[in-house]
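**Q** Here is a sequence together with a model predicted from it:
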Amino acid sequence: MDNNEERELKKFVDKIMNESVLESPSSNFTDHIMSQITEPTLNDATQYKPLIPKSVLIVLFSGLVGMIWYLATDNSLVNESWFGNGQIELFFERILDWPQMLSPSKTTVYAVLFFGLLFLIQIPWLKRYFDNTWMLR
Amino acid sequence: MFIVYDDGFLTEVTFFNKKNKICNLNARFCVQYAMTANKEKHLLQKIRNGNTQAFSELVDAYKNLVYTLASRMLGNREEAEEVSQDTFIKIFKSLSHFKGDSKFSTWIYRITYNTCLDRIKQNKRQNTFVDIDHVKDVSFVTMNNALDKMILEERRELIKKSLNSLPAKDAGLLTLFYFEEQSLAEMEKTLNIPDRTIKVQLFRARKKLATVLEKNLEKEILQNYG
């Protein structure tokens, strides 16, 4: 195909493309898209999100591990093997006996018990509250 | 004579004269779907700030262009509508990635073109093959005469049919070329292919269109007068 023919072809196609018209989609096209776009934001509101975020859980867990480590390690343990019978007993002794190390006063004990009581009271109260809110929906 | 129109960010003035007659196809589209650069910027800002409803204005402004491109590439109304919807949802989701390096319309065309190609790949559809070896024999004068004798509606229908039966890439390329005001630089941004390759591909696409059109024209003439 020489240049002249190429030019003719281009001219011809230009003319054809000029004649072609834009096509339009169905009348509810925009509404359909908008409903799809706004839908996920509605779902976001009811989406499950853990009460305690992962990072806090990690911090708590590492804190717990650190505390156990701190209570279990003692200078006397360092040079001996971990798996001897006596060593394991000593390990649990140290971990379980820590409240004695603190030697709490009576007031502290009552405070802790009272805190536990209040904490437990919240469970049925919260349960009723949530039951009522969600049942209404 | 000149026409002022706006497609996207730039307000452009296209001159028409005898020597350099620039295709006014896109101008025609854009006069109809005009959206000033400032309005578009303002709209994008609104959407980014969380006003989802503002997006519907953007959809209304571009839906016909997106749908036409999809329809020509896929050759099927239902599929084209589905893909156009997917395209707009993609556009909405990735709006934050649009940095303004290219025209907004170019960015939209690129997403549409790629979504169409993905759909074709998904369907594993066989590409239509058009033999372009005998194009030498096509007489443009005869074809022009035949086309001129048809009523406008018939002619448009025939052109639409021919574009729809082209291989997806060729139909997409031709449509984009005229959407982008025949600018190879914009095409380069849309397709991510060097302009030399685009030129070659365009030439082949034109040839294919001429071949398909000739076949359809023959059929039409035979049906009407045979």
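**A** Nice, I can see it.

**Q** For residue A:60, I want the exact helix or strand it lies within.
**A** In this structure, residue A:60 sits in helix A:54-72 according to DSSP states H and E.

**Q** pLDDT of the longest helix seen in chain B, averaged?
**A** Criterion DSSP state H: the longest helix present in chain B is helix B:195-225. The average pLDDT for helix B:195-225 rounds to 86.

**Q** secondary structure element for residue A:107?
**A** Per DSSP H and E: helix A:106-136 holds residue A:107.

**Q** Quick one: mean pLDDT over that helix.
**A** Mean predicted lDDT for helix A:106-136 stands at 85.

**Q** count of neighbours near residue B:168?
**A** Residues near residue B:168, counting by other Cβ atoms under 10 Å in any protein chain shown, number 20. No exception for glycine: its C-beta is placed from N, CA and C like everyone else's.

**Q** scratch that, residue B:210
**A** By other Cβ under 10 Å, the residues close to residue B:210 number 22.

**Q** which secondary element of the chain has the worst mean pLDDT?
**A** Since you didn't name a chain, this refers to chain A. Lowest mean confidence among the helices and strands of chain A (mean pLDDT, DSSP states H and E): helix A:75-78, at a mean of 52.

**Q** think we crossed wires, I meant chain B
**A** Min over SSEs of chain B, mean pLDDT, DSSP H and E: strand B:11-15 (a mean of 37).

**Q** what residue ranges in the chain score low on pLDDT?
**A** All of this is about chain A. Applying pLDDT under 70 to chain A flags residues A:1, A:40-47, A:74-88, A:98-104, A:134-137.

**Q** Please refer instead to chain B.
**A** Applying pLDDT under 70 to chain B flags residues B:1-36, B:125-138, B:225-226.

**Q** Please repeat the previous calculation with a cut-off of 90.
**A** Counting by pLDDT under 90, the ranges of chain B that qualify are B:1-54, B:57, B:75-77, B:93-106, B:120-169, B:176-193, B:195, B:207-208, B:210-226.

**Q** Tell me where it has helices.
**A** Using DSSP H, helices in chain B cover B:25-32, B:37-48, B:54-74, B:77-93, B:104-123, B:140-149, B:152-164, B:168-179, B:184-191, B:195-225.

**Q** In a markdown table, list the ones you listed along with distance to residue A:94.
**A** Output for those, formatted as a markdown table (distance: least, Cβ to Cβ, whole Å):
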| stretch | distance to residue A:94 |
| --- | --- |
| helix B:25-32 | 81 |
| helix B:37-48 | 58 |
| helix B:54-74 | 63 |
| helix B:77-93 | 56 |
| helix B:104-123 | 63 |
| helix B:140-149 | 97 |
| helix B:152-164 | 81 |
| helix B:168-179 | 74 |
| helix B:184-191 | 70 |
| helix B:195-225 | 75 |
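
**Q** okay, now residue 55: neighbour count?
**A** I went with chain A, as the question did not name one. Count around residue A:55 with other Cβ under 10 Å applied: 8.

**Q** my bad, the chain I had in mind was chain B
**A** 22.

**Q** just checking, what packs against the longest helix of chain B?
**A** helix A:3-19, helix B:140-149, helix B:152-164, helix B:168-179, helix B:184-191 (3 or more Cβ pairs under 8 Å, 6 or more residues apart in numbering or on different chains; DSSP states H and E).

**Q** tilt between the shortest one and helix B:195-225?
**A** Helix B:184-191 and helix B:195-225 meet at an angle of 90 degrees, taking axes from the mean of the first three to the mean of the last three Cα atoms, to 10 degrees as the criterion.

**Q** which parts of helix B:184-191 are buried?
**A** By neighbour count on 16 or more other Cβ atoms under 10 Å in any protein chain shown, the buried set for helix B:184-191 is B:186, B:187, B:188, B:189, B:190, B:191.

**Q** Chain B contacts on chain A?
**A** Applying Cβ under 8 Å from any Cβ of the partner chain, we find that chain A lies next to chain B at A:1, A:5-6, A:8-26, A:29-30, A:32-34, A:36-38, A:41.

**Q** Tell me the spacing between the residue nearest the centre of chain B and residue A:92.
**A** Closest to where the C-alpha atoms of chain B average out (Cα atoms, centre = their mean) is residue B:175, at 2.7 Å. Applying Cβ to Cβ, to the nearest Å, the value for residue B:175 to residue A:92 is 77 Å.

**Q** And for residue B:58, the neighbour number?
**A** Residue B:58: 22 surrounding residues under other Cβ under 10 Å.

**Q** and if you look at the one 4 residues further on?
**A** For residue B:62, the number of neighbouring residues by other Cβ under 10 Å comes to 23.

**Q** ditto for the one 5 residues further on
**A** One way to gauge burial is a neighbour count; for residue B:67, by other Cβ under 10 Å, it gives 24.

**Q** now swap in residue A:24 and tell me
**A** Neighbours around residue A:24, by other Cβ under 10 Å: 12.

**Q** Domain-wise, how is the chain divided?
**A** Assuming you mean chain A. According to automatic domain parsing, chain A comprises the domains A:3-103, A:105-137.

**Q** should've been chain B
**A** Domain ranges of chain B: B:2-123, B:133-225, per automatic domain parsing.

**Q** what's the closest of the ones you listed to residue A:97?
**A** domain B:2-123 (57.0 Å; Cβ to Cβ).

**Q** Does residue B:158 touch residue B:218 like I think?
**A** No: contact criterion Cβ atoms under 8 Å: residue B:158 and residue B:218 do not qualify, at 11.1 Å.
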